[in-house]
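1. Structure for the following, please:
(chains A and B)
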Amino acid sequence: MTKMNMLQAINSALDTAMAENDKVLCFGEDVGVFGGVFRATSNLQQKYGKDRCFNTPLVEQGIVGFANGLAAQGSVPVAEIQFADYIFPAFDQIVNESAKFRYRSGNLFDVGGLTIRAPYGGGIAGGLYHSQSPEAYFAHTPGLKIVVPRNPHQAKGLLLGAIHDPNPTLFFEPKRLYRASVGEVPDEDYRLPLGEAEVIKEGTDITVLGWGAQMEVIDQAVERAEKDGISCEVIDLRTILPWDVETVANSVLKTGRLVVTHEAPLTGGFAGEIAATIQDRCFLYLESPIARVTGIDTPFPLVLEKEHLPNALKVYEAIKSSVEF
Amino acid sequence: MTTTKSKVVYSPVFTDGAEFRIPTFKLLKQDGKLYKSAKAPDLDKDKALRIYRAMVTTRILDERMLAAQRQGRLSFYMQCTGEEAAVIGSAAALDDGDMIMAQYREQGALAYRGFSIDEFMNQLFGNELDYGKGRQMPVHYGSKKLNYMTISSPLATQIPQATGYAYGQKMAGGGHCTITYFGEGAASEGDFHAALNMAAVHRVPVIFLCRNNGYAISTPAAEQFAADGVAPRAYGYKMDVIRVDGNDILAMYQATQEARKLAVEHNRPVLIEAMSYRLAAHSSSDDPSGYRSKDEEAVWREKDPILRMRLWLESKKWWSEDDEKQLQETMRREVLETMKRAQKRPPPALDTLVTDVYDEVPPHLAEQFEKVKAHIRKYPDEYPKSAEHAKGGA
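-> Model prediction:
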């Protein structure tokens, strides 16, 4: 075990994967000797050479197209998109190609070895082009897996899980926590399962669900609610697609209430999907309407970031309203 | 740091690159004889006949399947007609272990590699034997065994994938390369530029083969680009490039052979621009008479690549009138017989609705599938193709 921040944990995961299998390659904009704008790929080029860790030209559709071809060939590419906000030039290669490779060829070819990493989310004064949470766009596309870690331990385990998963995976890293979140991380290889939510804290009155950087927000909100005598069950969804309906539904059957929170805007956000599915599963057990605490339906602002974001106070308010409904 | 070492001038000098004109490589005249100073590549009789048979097979298949589409037996079809030399000549210059990532009009390459008429038909009719399990439109072939990547409808997406695939081949060290085919219209897409730039920067063993066939559906080349074709773009990426008469089988073969050497032995990506003409419509849903003249087509009919090769084979005494007659009859019969067989085969099993989305069927899909089956069981007459398959399950 070593104390690491999230970037160090991600770096450790990449290092572990590259050491174990020489088919693992890391590339993207500035990831080479510089180690990426956030330094997630630090020292990998020095350690594994320029053929296995390298800078690409500034072309996201090229990076993902290249990665698709590499994965189809049998390599294990881990492509970095510098910010999730800049993943859209690669949208076609992800939703039409990565996601459909196996299906359209009847399993003759697949890009299962592919992992795409991208820093996402707000809270870093990044304004509208360095703060977005695009997970819902991709969650509409069958064939992809979408994973979001909440802390260093999860980041390493889930990233190794993604790299070894036989399906193309988008790995969104909460960049606000890159250096802020610190914790004990095993030095060796360990893999956390994709598609499984984690019940972080058991409770009886209400289920509070989120992923990524929102888990920290949820912790603060829950701490406050518990002082009011409300027992909260806290779940980290971890995998957005395919998501763990079973764990969430079982929790709501027990508590009868659900708050879902994410940074992305409300309309068309993934909380809507969860709310629809859970009301279908748990209709007769619900004590109050399922609440969503999200960003508002605007582009991400710069100065009024705090007002826009779903923070601990807003989540606490939603918990209170649900319980008092 | 910049890699450009340029001369300094003291008054503004503009250039549009017009001084760089790329020549066209040709060997064979339309009468089957070589140009005066041309020398035929090293192509033995067996290989020459394998190429010719693939060309004739492709032409006959295309004619028959277009007719089948017109009769309503097939929903859609795309022909290779007029471009057989560009496609098959280049494919023949490769090692069978090299990967082919095609656009959609390159069935000739697949025919050359040995895809059987049965295999073509199973895909075209989307029956239970289709490798793609009846999920894609006709002509979206793929073969793992023959190193032919399954066709994808979105245009140009295969081009950066070819760069990535070839990079993996280089890392694996097996001495193989990837060829990717596309039309001059696809060369306008961002993916094309991304692919060439990345291949040049990272020294990837990939051959980019542009079939410049004059039209991107209805848009003529002059409305697709202002430059001297697609080839000069390679200069901008510092990539080897050659322009070839795409209807000249010998030139296509030799150019690709040399390109392969550059790619595999020197890790130099190559762009080949094959100048040809799409004699057929873009697809069975297109009518070229609305945008081009009969006279223009007639000029290109005179340059038929198959006839040109046949005359060359005859001049070598490798082919005769009788051989031709026999091949034509055998192929026509085989195409008709296999079409009948393929049409009669049942559709893919119902569970192919949910398999291959992921490596395993996830719980939410399994649940959705049970609902589909329950619905079909309730209304079996409405789902005659799959009612039988829906019988199992809860």
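
2. Now the residue in the stretch 101-250 of chain A positioned nearest to chain B. Nearest residue, chain neighbours left out?
-> Residue of the stretch 101-250 of chain A nearest chain B, by CB to the nearest CB: A:Ser105 (3.7 Å). All C-beta atoms are positioned from the backbone trio N, CA, C, and that covers glycine. Distance criterion CB to CB, 6 or more residues apart in numbering or on different chains; nearest residue to A:Ser105, sequence neighbours excluded, is B:Thr150 at 3.7 Å.

3. What pLDDT does the model give that neighbour?
-> B:Thr150 is assigned 98 on the pLDDT scale.

4. dump the residue contacts of it.
-> Counting by CB atoms under 8 Å, 6 or more residues apart in numbering or on different chains, B:Thr150 touches A:Arg104, A:Ser105, A:Gly106, A:Leu108, A:Phe109, B:Tyr131, B:Gly132, B:Gln136, B:His140, B:Tyr141, B:Gly142.

5. of all those residues, which comes closest to A:Val208?
-> Checking the contacts of B:Thr150 against A:Val208 by CB to CB gives A:Arg104 as the nearest, at 39.4 Å.

6. Could you double-check that that closest one lies in contact with B:Gly132?
-> Yes - at 6.4 Å, A:Arg104 counts as touching B:Gly132 under the criterion of CB atoms under 8 Å.

7. returning to what we had before: tally up the residues packed near the residue of the stretch 101-250 of chain A closest to chain B, please.
-> 26 (other CB atoms under 10 Å in any protein chain shown).

8. Sketch out the low-pLDDT regions of the stretch 51-200 of chain B for me.
-> Scanning the stretch 51-200 of chain B for pLDDT under 70 picks out no residues.

9. Quick one: name the residues of it near chain A.
-> Residues of the stretch 51-200 of chain B lying close to chain A (CB under 8 Å from any CB of the partner chain) are B:99, B:101, B:130-133, B:135-136, B:140, B:142-144, B:149-150, B:152, B:154, B:157, B:159-169, B:171-172, B:178, B:190-191, B:193-195, B:197-198.

10. Could you list every helix and strand in contact with the strand or helix carrying B:Gln161?
-> Element membership for B:Gln161 (DSSP states H and E) is helix B:158-172. On a contact count with 3 or more CB pairs under 8 Å, 6 or more residues apart in numbering or on different chains; DSSP states H and E, helix B:158-172 meets helix A:60-73, strand B:99-101, strand B:178-183, helix B:190-201, strand B:206-212.

11. now the ones you listed as TSV including mean neighbour count and distance to B:Tyr112?
-> What follows is the helices and strands packed on helix B:158-172, written out as TSV (neighbours: other CB atoms under 10 Å in any protein chain shown; distance: least, CB to CB, whole Å):
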stretch	mean neighbour count	distance to B:Tyr112
helix A:60-73	29	22
strand B:99-101	26	10
strand B:178-183	28	12
helix B:190-201	24	24
strand B:206-212	30	14
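
12. closest one to B:Arg233 among those?
-> helix B:190-201 (7.0 Å).

13. Near chain B, which residues of the stretch 101-250 of chain A are found?
-> A:102-110, A:112, A:142-143, A:145, A:166-167, A:195, A:242-243, A:245-246.

14. tell me the contacts of residue 282?
-> This is for chain A. By CB under 8 Å, 6+ apart, the residues touching A:Cys282 are A:Ala249, A:Val252, A:Leu253, A:Gly256, A:Leu258.

15. try chain B instead
-> Residues in contact with B:His282 (CB under 8 Å, 6+ apart) are B:Met78, B:Tyr215, B:Ile217, B:Ser218, B:Pro288.

16. The longest strand anywhere in chain A: what's the following helix or strand?
-> Ordering each strand of chain A by length in residues (DSSP state E) puts strand A:258-265 first. Downstream of strand A:258-265, the first helix or strand assigned by DSSP H and E is helix A:270-282.

17. Next, the angle strand A:258-265 makes with the next helix or strand after that next one.
-> Using DSSP H and E, the helix or strand that follows helix A:270-282 towards the C-terminus is strand A:291-295. Counting by axes from the mean of the first three to the mean of the last three CA atoms, to 10 degrees, strand A:291-295 lies at 20 degrees to strand A:258-265.

18. how much space between the closest residue to B:Asp191 other than its chain neighbours and A:Gln61?
-> Excluding the flanking residues, the one nearest B:Asp191 by CB to CB, 6+ apart is B:Ala156, at 4.1 Å. When distance is defined by CB to CB, to the nearest Å, B:Ala156 is 10 Å away from A:Gln61.

19. Also A:Thr267?
-> Plainly put, A:Thr267 is 27 Å away from A:Gln61 if you go by CB to CB.

20. And the contacts of stretch B:39-50?
-> Under the criterion CB under 8 Å, 6+ apart, residues B:27, B:34, B:51, B:92, B:112, B:250, B:253-254, B:257, B:313, B:316, B:318-319 lie in contact with stretch B:39-50.
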